[in-house]
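S.K.: prediction below, plus the sequence it came from.
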Amino acid sequence: AQKVTQAQTEISVVEKEDVTLDCVYETRDTTYYLFWYKQPPSGELVFLIRRNSFDEQNEISGRYSWNFQKSTSSFNFTITASQVVDSAVYFCAPPNTGNQFYFGTGTSLTVIP
Amino acid sequence: EPEVTQTPSHQVTQMGQEVILRCVPISNHLYFYWYRQILGQKVEFLVSFYNNEISEKSEIFDDQFSVERPDGSNFTLKIRSTKLEDSAMYFCASTTSRQETQYFGPGTRLLVL
């Protein structure tokens, strides 16, 4: 089964600071996908990104960027110039071979105005 | 943009009662899932459903739980005799195929008294 470790349980930053959320995963698959989801205080789960294990290029989407390093099994997420609306719990989620997602405990990000 | 919907948004029930949580997945999706999140804890996989049958289920999904796709649009989760520990947020998700992005509904918050 897949496993994910998000070592940072809680992070607090001041608005406009950059912040990186770490994700280390374990998998026996040679081809796999990785996902990030956001859960704001309102509770819904919002899809952020899906990354194929063959594609190690970094991806940038506005203030969000992702650094995928297959050699270290890491898929880190950086928010540049954080805003209060970024306050949420962020989950790195590798799907298991049965396709069900394994969500770790996530990282709770608080952006202080 | 198509989205997964869930009803009701909140449900309060007495211990021992049956509840049915309803989901309408995105129309062209073929795989359906239920997850739950006990307050303050991580999101846990319950069951996946494909081609009108359960494809995977977790240890949580015991005989008290059942799922059904009664028509072409709804996907339901039934808890036969609720327990206090069933109090949680229940999320439905759907996707087009394995390893694709799962899109989550807004959740149903179930409170068992």
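M.R.: Ah, there it is. Numbering: from 1, shown residues only, chains lettered A, B, ... in the order given.

S.K.: quick check: A:Arg63 vs A:Lys16, distance?
M.R.: Computed as C-beta to C-beta, to the nearest Å, the A:Arg63 to A:Lys16 distance reads 11 Å. Any C-beta I mention is one placed from the backbone N, CA and C, and that applies to glycine too.

S.K.: name the element the residue nearest the centre of chain B belongs to?
M.R.: For chain B, B:Trp34 is the residue whose C-alpha lies nearest the centre (C-alpha atoms, centre = their mean; 3.3 Å). Here B:Trp34 sits within strand B:31-37, counting by DSSP states H and E.

S.K.: which outside residues touch that strand?
M.R.: Outside of strand B:31-37, the residues within contact range by C-beta atoms under 8 Å, 6 or more residues apart in numbering or on different chains are A:99-101, A:103, B:21, B:23, B:25, B:43-50, B:55, B:60, B:67, B:69, B:75, B:77, B:88-98, B:102, B:104, B:107.

S.K.: and the buried ones among the residues you listed, selectable in ChimeraX?
M.R.: Listed next is the ChimeraX selection for buried residues among those, using 16 or more other C-beta atoms under 10 Å in any protein chain shown:
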select /A:99,100,101,103 /B:21,23,25,43,44,45,46,47,48,49,50,55,60,67,69,75,77,88,89,90,91,92,93,94,95,102,104,107
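
S.K.: so which of the contacts of strand B:31-37 sit within strands?
M.R.: Applying DSSP state E to the contacts of strand B:31-37, the entries found in strands are B:21, B:23, B:43-50, B:55, B:67, B:75, B:77, B:88-95, B:104.

S.K.: how about the residues of chain B by chain A?
M.R.: Contact residues (C-beta under 8 Å from any C-beta of the partner chain) of chain B with chain A: B:31, B:33, B:35, B:41-45, B:48, B:55-56, B:58, B:89, B:91, B:93, B:95, B:98-107, B:109.

S.K.: which SS state does A:Arg50 fall under?
M.R.: Three-state call for A:Arg50 (DSSP: H, G, I helix; E, B strand; the rest coil): strand.
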